[in-house]
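Student: Output the structure for:
(one chain, ligands or ions: 1)
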Amino acid sequence: MTEILIYVAITLALFVIGYMVRVYELSSSIRGKKQHIVTEGDNRLMARFMLTFLFAFFAFVIYNLESYGPRTLPESASAHGVELDWLFNFNMIILFIVFTITQIFLFVFAFKYYGREGNKATYLAHNNKLEMIWTVIPAIVLAIIIIFGLKNWNKITEPASKEAIVIQLYAKQFDWTARYAGKDNELGASNYKLITGENPLGIDSTDIKSNDDIVVRNEFHIPLGKEVEFKLNAREVIHSAYMPHFRSQMNCVPGMTTMMHFTPIITTAQMREKLNNPKFDYILLCNKICGNSHYNMQMTIVVETESEYNAWLSSKSTFKKKAAAPAEVKAVAAK
Ligand SMILES: [Cu+2]
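Tutor: Prediction:
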């Protein structure tokens, strides 16, 4: 509420200033002054404004970096994310240097060379040397950024190793379901025609590979230091699996399987300690506006040691066991 009032006050103040300028103009035209002629004094005043703006603007930029910098993501919890963060910082440093130099030139020159009586601008039609410099240097810098970026992208999307743990992430309006490939590390076939309340993923029970698959909801676990391959699917519209702490994101598209993989390097417990926040959890979010409850489409990710992970996974029942369970057990399991 106070924020709205502040905005209203600023808007009204701008109106008042606008009208005061108008009154000044009208009254000076009555006094016989010629307003349309810009004097050297006017130019000098504007030049000083330019320089003041430069300092005020940089003070504002530094203030923003100070106050919002700490709100960015904590250190990467995945192996490739460390390199990705390096690339991001590399970009930001280049941007900041170029931004600083160009803004200083822009405003200092505007201050230094303001229009004076009798001054004449130099006529400069073309300069090959200048053209070369501002074409070649950005081209080299951009090429470096793109090469590093592509290398990183390949690391996330190239086929995972054979030992990678296979997990399907299934997106639908408005929740996530995870399916572990189980002992054979291969996901059983699925078909949308087989979707029922009890089988939301449409897993084909006649496919032998589906017997040891494990379906979990609300949270899924992954082991520290092991490569995890995600196979992503969506039921009805495009969703996007976004795991910010692992610097990973990929679209989930109906009718096709998209893939990405990463290796977690920090457990949930370690990250809680690092951030001094016992309530911290890694999270899987939907990053595609997929409908009215999109904002609530999330799943907790737990990174733990391999033995903890194995214990957790073996406490879950397989798809076959669940399918074979009597109706009342299923009703309990469905809850
Ligand atoms: Cu979604």
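
Student: surely F57 meets Q103?
Tutor: Yes: at 7.2 Å, F57 and Q103 qualify as touching, with contact defined as Cβ atoms under 8 Å. (Glycine included, C-beta is placed from N, CA and C.)

Student: higher neighbour count, those two?
Tutor: The residue with more neighbours, out of F57 and Q103, is Q103; 15 against 12, by other Cβ atoms under 10 Å.

Student: what's near enough to touch L194?
Tutor: G202, I203, D204 (Cβ atoms under 8 Å, 6 or more residues apart in numbering).

Student: could you redo the last one with a cut-off of 6 Å?
Tutor: For L194, the contacting residues are G202, by Cβ atoms under 6 Å, 6 or more residues apart in numbering.

Student: Relative to L201, how far out is it?
Tutor: For L194, the distance to L201 equals 9 Å [Cβ to Cβ, to the nearest Å].

Student: What distance do you get for the residue sitting nearest the centre point of the chain to I289?
Tutor: Among the residues of the chain, the one closest to the centroid is P244, at 7.0 Å (Cα atoms, centre = their mean). Distance of P244 to I289, given as Cβ to Cβ: 17 Å.

Student: Repeat that for G32.
Tutor: Distance of G32 to I289, computed by Cβ to Cβ: 61 Å.

Student: These two - which one has more neighbours?
Tutor: Per other Cβ under 10 Å, whichever of G32 and I289 has more neighbours is I289, with 12 against 6.

Student: G32: what secondary structure?
Tutor: Following DSSP: H, G, I helix; E, B strand; the rest coil, we place G32 in the coil state.

Student: From A143, how far off is it?
Tutor: Where A143 is concerned, G32 sits at a distance of 63 Å (Cβ to Cβ).

Student: the longest helix in the protein is where?
Tutor: helix 79-112 (DSSP state H).

Student: got the buried residues for that helix?
Tutor: A79, H80, G81, E83, L84, F107, A110, F111 (16 or more other Cβ atoms under 10 Å).

Student: Downstream of that helix, the next helix or strand is which one?
Tutor: With elements assigned by DSSP states H and E, the helix or strand that comes after helix 79-112 is helix 128-157.

Student: Name the strands paired with the next helix or strand after that next one and say parallel or antiparallel.
Tutor: Tracing the chain C-terminally past helix 128-157 and defining elements by DSSP H and E, one meets strand 165-172 next. The strands beside strand 165-172 in its sheet (DSSP bridges) come out as strand 175-180 (antiparallel), strand 228-234 (parallel).

Student: roughly how far is the first one from the heart of the chain?
Tutor: In this case it means strand 175-180. 22 Å (Cα atoms, centre = their mean, to the nearest Å).

Student: Could I have the CA atoms of that strand written out in CSV?
Tutor: Taking Å, rounded to 0.1, in the frame of the first residue of the first chain, the C-alpha atoms of strand 175-180 are listed here in CSV:
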residue,chain,number,x,y,z
ASP,A,175,2.4,-31.7,-10.7
TRP,A,176,5.4,-33.9,-11.3
THR,A,177,5.9,-37.6,-11.1
ALA,A,178,9.3,-39.3,-11.0
ARG,A,179,9.9,-42.8,-12.2
TYR,A,180,13.1,-44.7,-11.5
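
Student: Report the rounded mean pLDDT for it.
Tutor: Averaging pLDDT along strand 175-180 gives 91.

Student: Check stretch 153-172 too.
Tutor: 89.

Student: quick one: is that stretch near the ion?
Tutor: No: Stretch 153-172 lies apart from the ion when judged by Cβ under 5 Å from the ion; the minimum separation is 5.6 Å.

Student: For that stretch, buried residues please.
Tutor: I156, A160, A164, I165, V166, I167, Q168, L169, Y170, A171, K172.

Student: would CSV of the strands paired with strand 165-172 with distance to the ion and mean neighbour count be doable?
Tutor: Putting those into CSV (distance: least, Cβ to the ion, whole Å; neighbours: other Cβ atoms under 10 Å) gives the following:
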stretch, distance to the ion, mean neighbour count
strand 175-180, 9, 21
strand 228-234, 8, 22
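
Student: Nearest to A47, out of those strands?
Tutor: strand 228-234 (56.9 Å; Cβ to Cβ).

Student: Quick check: next helix or strand after that closest one?
Tutor: strand 239-243.

Student: after that following strand, next one along is what?
Tutor: Downstream of strand 239-243 (by DSSP H and E), the next one is strand 248-252.

Student: Tell me the neighbouring strands of that following strand, and mark each as parallel or antiparallel.
Tutor: Using DSSP bridges, the strands paired with strand 248-252 in its sheet are strand 239-243 (antiparallel).

Student: ok now the partner strand, how far from the chain's centre?
Tutor: Using Cα atoms, centre = their mean, the offset of strand 239-243 from its chain centre is 11 Å.

Student: ditto for stretch 98-108
Tutor: With Cα atoms, centre = their mean, you get 28 Å for stretch 98-108.

Student: F148: how many residues sit nearby?
Tutor: For F148, the neighbour count with other Cβ under 10 Å is 16.

Student: likewise V8?
Tutor: Per other Cβ under 10 Å, the neighbour tally for V8 reads 10.

Student: just I4 next, same as before
Tutor: 8.

Student: Phi and psi next, for the residue of the stretch 1-150 of the chain found nearest the ion.
Tutor: Nearest residue of the stretch 1-150 of the chain to the ion (Cβ to the ion) works out as L73 at 20.7 Å. Main-chain dihedrals, L73, degrees, to the nearest 10: phi -60, psi 150.
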